[in-house]
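Trainee: When you get a sec, could you give me coordinates for this:
(2 chains)
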Amino acid sequence: MPSSSTISRWPGGEGRRALPFLLPALVVLCMVSLYPLVQGVSRVFYSYRALARQDVFSGWENFTLLLSDPTFSAAFLNSIVWTATSVAGMFLFGYALATMLNSKHLRFRRFFRTASLVPWALPGVVISLIWRYIFLPNGPLNAVLGSLGLRGPEWLTNPSLALWTCVIATVWMGTPFVTVMLLAGLQSLEPELLEAAAIDGASYIQSQVHVIMPSMRKMILIVLTLETIWTFNSFDIVFVLTKGGPGSASMTLPLYAYQNAFMYYQAGYGAAIGVVILSVLLLAVVFYIREVLR
Amino acid sequence: MRGRCTWLAALFCVLLLAGTGAARVSLKFVTPAWQPEMVDEIEDVVAEWNAANPGIYIELVWVPWENINDYLLTSFQAGQAPDLFHQDAVMCYEYGLLGYAEPLNAYIDAATWDDITERSWEEVADPQGLIYGIPFLQETQVIFYNRAMFREAGLEVPEDGMLTWQQLREYAQTLTRRDARGNVTTWGLMAPLEQRLWWCLVAQNGGRVLREGDDGRWFVDIDDAAKEAIRFYIDLVIVDQVMSREILSYDFMSLLAGFRDGRYAMFSFGCWVRQWLEMVGRKQLDWGMLWVKGPVRNVTEANPQAVGIYAGSKHKDEAAQFLRFFTNTENQVRLAKADWLFPTRSSALERPEFRSAEFQWDVAYQWLPYAEDVKPQMFGILAWEWQSFIPQIELVILGRQTLESALQAATVQGNQFLRRMGLQ
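Mentor: Next up is the predicted model:
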């Protein structure tokens, strides 16, 4: 049985013999992942002259233009706020739900565990359409507020609310994954650990903060990192709910990249925004890999 | 013997079917039409064609207006676009310059050339005179007003239905209502940024935002008349406070409900909205239409729609046959009536129903002579507008920038954008 270090040694031994078997997968990976990535990054240095239907080398111009583009600045800030608040919301709700679903006192536990997965089973566009309906000025949410004597706001068209409306939908969509992962983590905890904490007189909150959470640190970090990557890169919810508006109040980087590349004939500019997204996400990916390999 | 006959009959049927299948051409026709009457009418027209032309089958594909451009651009780039497409005329022109839309000059007969107005042809023609779509619908942009509110406020609409800019401002001020705490309960006017009242005002004032040089290069060059028009529009929000910041983004059904419920006393939109006011108001809402008189000239937005043929279609001749049928006089009348718009053929426009007092067709019709595309016919006009110009205007409306600095930034960034597009 060769050791992992033998396999990973490149010139010779098992590693060399494994190469032909890995080659098809590597070729496919390069075609579907590496080639588009290289293509996308190389486009950054070109401006597309739509009328002449040609790419013209423009050096770093696309990046310098980004710095003076107010919509890009707004989109960058919105993406940070959107991702941070959404992931925080997902974690809070996910943790609370996981704790509840892990409780032995909960009746119909299996039913609730299954039901909590429903948002995860739905496509993002469907979820977005459902929330769009809920948030319509004459939609169910404002109808409920109206029955309480409150005048519901314009959720999707008010510049102060549009981004938060997207956050609510994102949290609803992302919470089940966090719940399932944290529930798995909770179930893998040694019961003796909690019993010891109880015997030592730890309160419920103290047990959560000083015993359970530190024990699940790795799981929590992985979940948060994955959700950060997915949310920052997510497109469907903002596209369907607000299209980035009003103005650029809820514009995010993926949506702005899409608009430039596919609506404004600015493929190079869109690619530059894509590279910014990639750079931000690389930080999260490096962190994720470090945590997984630790 | 009997078995052999059965086999022969079956073989004959198979050959017959195969022969029929081989002769039949199937074409995809994508349309963003969405108003219920229009959807029914298009289905009827296509069904009639399919019944009368078994050799050329038209399959309808429905895509919403808000996604039609994305759908078509990505389909064109993938080489899998529908054979026929219904779009804004300005986009047919752009698709033509990009090489995606087929020049139709060879397919248009002399009678059609003469029948469709010159102004409509200009919308889909490139500088060499190549035509990339057959215009079949047009509109007039109007301002809808609540008659009861006007009566209550003692306001009267002039006989020609047109207000001066100053009158529009004064009327909006009079109609704007606030509660005891100063919160607005009724906005005098609602003119969504997307609906381009501001473009009409620029044109009415003889202003210029984009300039084409003699060598065909384009520049952002906002003159004083254009600045005055844009300032007038923005001041309705910032200074006069008779128009809500909701103009930045709106929901169509909420806008209608807001008009019905007295949240907006006037709103600017295309004349086709009459159909929806009849539905939403359940025929009890007393509404009228007016328009704005230009200081320099009278202009309203025509916003024509056209049907084009995909340059990569394998059946262009068959597509052109259907296109001729779809845009003939009789069908233009049917489709325009169903969409509450106006046809582009003079022979169709002559029909009395388009000047009928019922549903105020006559009022919308009276401004048709002033209807034109208020935006300059520049390649990428919508991309320029929404990528570099509108974001600056939005900052002014949100109170984060002065108009002067916004227009200055719009000029610098707009010219950069045009240069990147290869227009300078």
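Trainee: what ranges do the helices span in the stretch 251-400 of chain B?
Mentor: B:252-260, B:274-280, B:316-326, B:329-339, B:346-349, B:361-366, B:381-384, B:390-397 (DSSP state H, counting those that start in this stretch).
Trainee: what helices or strands is the helix ranked longest in chain A leaning on?
Mentor: The longest helix of chain A (DSSP state H) is helix A:70-102. The contact analysis (3 or more C-beta pairs under 8 Å, 6 or more residues apart in numbering or on different chains; DSSP states H and E) places helix A:70-102 against helix A:109-115, helix A:162-187, helix A:217-233, helix A:253-258, helix A:267-293, helix B:390-397. Backbone N, C-alpha and C define where each C-beta goes, glycine included.
Trainee: can these go into a markdown table with extra columns for mean neighbour count?
Mentor: Below are the helices and strands packed on helix A:70-102 laid out as a markdown table (neighbours: other C-beta atoms under 10 Å in any protein chain shown):
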| stretch | mean neighbour count |
| --- | --- |
| helix A:109-115 | 12 |
| helix A:162-187 | 22 |
| helix A:217-233 | 19 |
| helix A:253-258 | 23 |
| helix A:267-293 | 17 |
| helix B:390-397 | 22 |
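Trainee: So which of those helices is nearest B:Ser313?
Mentor: Counting by C-beta to C-beta, B:Ser313 lies closest to helix A:267-293 out of these; the figure is 24.9 Å.
Trainee: about what we covered before: please render the helices and strands packed on helix A:70-102 as JSON lines that adds mean pLDDT to the earlier fields.
Mentor: Listed next are the helices and strands packed on helix A:70-102 as JSON lines, based on pLDDT from 0 to 100:
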{"stretch": "helix A:109-115", "mean pLDDT": "82"}
{"stretch": "helix A:162-187", "mean pLDDT": "93"}
{"stretch": "helix A:217-233", "mean pLDDT": "91"}
{"stretch": "helix A:253-258", "mean pLDDT": "94"}
{"stretch": "helix A:267-293", "mean pLDDT": "88"}
{"stretch": "helix B:390-397", "mean pLDDT": "89"}
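Trainee: Of these, which is nearest B:Met38?
Mentor: Nearest of the helices and strands packed on helix A:70-102 (C-beta to C-beta): helix B:390-397, 28.3 Å.
Trainee: what angle sits between that closest one and helix A:70-102?
Mentor: 80 degrees (axes from the mean of the first three to the mean of the last three C-alpha atoms, to 10 degrees).
Trainee: Next SSE downstream of helix B:390-397?
Mentor: helix B:403-421 (DSSP states H and E).
Trainee: residues of that following helix that come out buried?
Mentor: For helix B:403-421, a neighbour-count test (16 or more other C-beta atoms under 10 Å in any protein chain shown) marks B:403, B:406-407, B:409-411, B:413-421 as buried.
Trainee: Looking at the helices and strands packed on helix A:70-102, which is nearest to B:Asp215?
Mentor: helix A:267-293 (24.8 Å).
Trainee: Which neighbouring elements make contact with that closest one?
Mentor: helix A:35-43, strand A:46-49, helix A:61-67, helix A:70-102, helix A:217-233, helix A:253-258.
Trainee: can you give me the angle it makes with helix A:217-233?
Mentor: Using the same axes, to 10 degrees: helix A:267-293 against helix A:217-233 is 170 degrees.
Trainee: and helix A:267-293 with helix B:403-421, angle?
Mentor: 90 degrees.
Trainee: Direction-wise, compare helix A:267-293 with helix A:35-43 and give the angle.
Mentor: Using the same axes, to 10 degrees: helix A:267-293 against helix A:35-43 is 130 degrees.
Trainee: How many residues are close by residue 45?
Mentor: As the question left the chain open, I've gone with chain A. 17 (other C-beta atoms under 10 Å in any protein chain shown).
Trainee: try again with chain B
Mentor: Neighbours around B:Val45, by other C-beta under 10 Å: 21.
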